[in-house]
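>>> Let's see this in three dimensions:
(one chain, ligands or ions: 1)
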Amino acid sequence: MLTAICGINWGDEGKGKMVDLLSQDQNVVCRYQGGNNAGHTVVNERGKFILNLLPSGILRENVVNVLGCGMVIDIKHLTEEAARLREKGVKITPENLKISDRAVITMPYHVLMDCLEEDRLAGKKFGSTRRGIAPVYSDKYMKKAFRMGELLHPDRLFERVREIVEWKNLTVEKGYGHAPISVDETIAYLKEYGEIWKDYICDTGLYLDRMHKEGKKIMFEAQLGALKDIDFGIYPYTSSSSTIAAYAPIGAGVPNLKLDRTIGIMKAYSSCVGEGPFTAEYFGEKADILREAGGEYGAATGRPRRVGPFDAVASAYGVRCQGADEVVLTKLDILSVYDTIEICTAYELDGKIIRDFPYPDALNRCKPVFESFKGWKCDISKCRKKEELPQEALDYIAFIEKACACKISYVAVGAERDAVIKF
Ligand code: GDP
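Got it, this is the predicted structure:
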């Protein structure tokens, strides 16, 4: 049984919490794309955890976790993240964490290049998380990246270090005028972290295929959402990887397998990190109220997120891109602050009302069309059954289901593991 959990919006929809909850009967949880540029926040009985690279299943003792080949892995960050979790008593061993030999290594010079380029762009910046993600994915497709498996074959790797550092310095030193990258330091770095992680590196495709044949349950955990996908998102204000569920079997290492169930995670309002068009955006005090109510500050960077009401146009597109069989609506409790709740139900583009998500460049000319709905204005965070929700909340949910042509199977009303209502 293969299940994907993916983001319908811009990311930060609460995927981590839902993977944490839904992984209870899973055998394997696998990340299939991205790096440490986003953060999942998971709150459970063991405390509050921020995960950037490790799958949320790491918090469950009986789950094996996989970092798939579609990922880019900052091995220093991984070491620090693992240390933070181990301090809180989380077990991380080669038995419960497997790292794909085909996953690409994010090097310190990728982080450096990300920063140099953002600084060069100054006012015109993309809002990169400065974690080296775009430079390392570029190198992957240039075939000039290092992969985790190479750490197991150091002689060949160190030969490549010389070639690649020489090539990198053409840009770092001659292009940006920065001090050159050192071959010796790069080799020492790879040796140090290779030693730490060598026992975790394996062919995760072979492992996952075996697990599947044995009838085990595998869950794929996405980072970010449909609107940040490199192909289908608001390019170029996207991430550099495929956040789409259809990519999960490839990014995990099992392109031969097909998903049985795709669960999309959709937030009851909108939030977005970074630059680019964000049609339903609230500004000023209106934005502050929602941002404060929702605690909308980046888990990885602490940056204040841009916020707005639920965007039915973008979310319907997200549901379609993800091929979501069912949807979890999260953070409904946050909307309890409102007397009336707005939803962006359409865009106005060049005087015409549209409901199909347009090509990204047209978004600059789109204005949101807001409709108001009666709020419930009471605490719903203790509700655990559909019948306990106020009628206004049920109406809000029903409207979203219809507008996005999706089946909402769960509604989340709090950060805690059990703050979920099955629909
Ligand atoms: P992810 O990257 O999709 O996992 O999302 P984040 O972890 O960045 O953001 C989700 C945040 O909302 C986390 O702090 C969660 O603990 C929290 N959260 C998730 N679901 C709910 C919910 O239904 N209500 C509330 N109040 N918080 C939630």
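
>>> in the stretch 101-250 of the chain, what residue is nearest the ligand?
Q223 (6.8 Å; Cβ to the nearest ligand atom). Where C-beta positions appear, they are placed from N, C-alpha and C, glycine not excepted.

>>> On the three-state scheme, that residue is what?
strand (DSSP: H, G, I helix; E, B strand; the rest coil).

>>> quick one: it and N36 touch, right?
No. Using Cβ atoms under 8 Å, Q223 makes no contact with N36, being 9.3 Å away.

>>> pLDDT wise, what is L157 at?
At L157, the pLDDT value in this model is 90.

>>> before we move on, what about A299?
What the model reports as pLDDT for A299 is 66.

>>> ditto for G11
89.

>>> got it, and the one 3 residues further on?
As predicted, G14 sits at a pLDDT of 89.

>>> Next: V161.
96.

>>> Give me the contacts around the helix or strand where it lies.
Mapping V161 onto the secondary structure by DSSP states H and E places it in helix 154-169. For helix 154-169, the external contacting residues (Cβ atoms under 8 Å, 6 or more residues apart in numbering) are 109, 113, 144, 146, 150-151, 180-183, 186-187, 190-191, 194.

>>> how about the helices in the stretch 251-400 of the chain?
For the stretch 251-400 of the chain, applying DSSP state H, counting those that start in this stretch gives helices covering 284-294, 312-322, 391-404.

>>> For the second one, give me every contacting residue.
When you say that, I think you mean helix 312-322. The contact list for helix 312-322, computed with Cβ under 8 Å, 6+ apart, reads 6-9, 225-227, 229, 232, 244-245, 262, 264, 266, 270, 279-280, 327, 343-347, 354-357, 400, 403-406.

>>> Could you point out the helix or strand that follows the helix or strand bottoming out on mean pLDDT in the chain?
None of the helices or strands of the chain scores lower by mean pLDDT, DSSP states H and E than strand 40-44, at a mean of 79. Using DSSP H and E, the next helix or strand after strand 40-44 towards the C-terminus is strand 47-51.

>>> elements contacting the helix or strand that that next one is followed by?
Downstream of strand 47-51, the first helix or strand assigned by DSSP H and E is strand 64-67. Contact here means 3 or more Cβ pairs under 8 Å, 6 or more residues apart in numbering; DSSP states H and E; on that basis strand 64-67 packs against strand 28-31, strand 97-100, helix 204-213.

>>> if you average pLDDT over strand 64-67, what comes out?
On average, strand 64-67 scores 98.

>>> Within the sheet, what are the partner strands of that strand, with directions?
strand 28-31 (parallel), strand 97-100 (parallel) (DSSP bridges).

>>> mind listing what the closest residue to T129 other than its chain neighbours touches?
Excluding the flanking residues, the one nearest T129 by Cβ to Cβ, 6 or more residues apart in numbering is N37, at 4.3 Å. By Cβ under 8 Å, 6+ apart, the residues touching N37 are 52, 129, 131, 133, 223, 239, 300.

>>> Mind picking the two most distant members of those residues?
Using Cβ to Cβ, the contacts of N37 span at most 13.5 Å, a distance reached by N52 and S239.

>>> Compare these two and say which is more crowded by neighbours.
Between N52 and S239, S239 has the larger neighbour count (other Cβ atoms under 10 Å), namely 27 against 20.

>>> Tell me how many other residues surround the closest residue to that one other than its chain neighbours.
Distance criterion Cβ to Cβ, 6+ apart; nearest residue to S239, sequence neighbours excluded, is K228 at 4.6 Å. By other Cβ under 10 Å, 29 other residues sit near K228.

>>> Give me the pLDDT for K228.
95.

>>> Check N52 too.
93.

>>> just A188 next, same as before
At A188, the model reports a pLDDT of 96.

>>> quick check, distance from the one helix or strand it maps to to the centre of its chain.
Element membership for A188, per DSSP H and E: helix 183-197. In this view, helix 183-197 has its centroid 28 Å away from the chain centroid, taken as Cα atoms, centre = their mean, to the nearest Å.

>>> how about that helix: buried residues?
Of the residues in helix 183-197, 183, 186-187, 189-190, 193-194, 197 count as buried by neighbour count, 16 or more other Cβ atoms under 10 Å.

>>> Of the residues you listed, which pair is most distant in space?
Across those (Cβ to Cβ), the longest gap, 21.4 Å, separates V183 and W197.

>>> E371: neighbour count?
Neighbours of E371 using other Cβ under 10 Å come to 15.

>>> Please name the nearest non-neighbouring residue to it.
T345 (4.8 Å).

>>> What's the mean pLDDT across stretch 246-254?
97.

>>> what's the answer for stretch 399-417, then?
For stretch 399-417, mean pLDDT rounds to 95.

>>> chain center to it, what's the gap?
19 Å.

>>> Show the contacting residues for the residue of the stretch 101-250 of the chain closest to the ligand.
7, 11, 15, 31, 33-34, 37-38, 40, 239, 241, 243.

>>> do that again at 10 Å, thanks
6-7, 11, 15-16, 31-40, 51-53, 55, 71, 239, 241, 243 (Cβ atoms under 10 Å, 6 or more residues apart in numbering).

>>> Of those residues, which fall within the contact range of the ligand?
7, 11, 15-16, 38-40 (Cβ under 6 Å from any ligand atom).

>>> Which two of those residues have the greatest separation?
Across the ones next to the ligand among the contacts of Q223 (Cβ to Cβ), the longest gap, 13.1 Å, separates G7 and G39.

>>> In terms of neighbours, single out the busier of these two.
G7 (28 against 22).

>>> Was I right to think the more buried one contacts A226?
Yes. In this structure, G7 is within contact of A226 by Cβ atoms under 10 Å, at 6.5 Å.

>>> Overlap in contacts, those two.
243-245, 264, 266, 318, 322.

>>> Let's see which of the residues you listed end up in strands.
Of the shared contacts of G7 and A226, the ones assigned to strands by DSSP state E are 264, 266.

>>> farthest-separated two in the shared contacts of G7 and A226?
Farthest pair in the shared contacts of G7 and A226, by Cβ to Cβ: I244 and M266, 14.8 Å.

>>> so what sits against both of Q223 and N36?
Residues touching both Q223 and N36 by Cβ under 10 Å, 6+ apart: 51-53, 71.

>>> Just the buried subset of these, please.
Here, 16+ other Cβ under 10 Å leaves 51-53, 71 buried among those.

>>> Relative to the ligand, how far out is V72?
Per Cβ to the nearest ligand atom, to the nearest Å, V72 is found 17 Å from the ligand.
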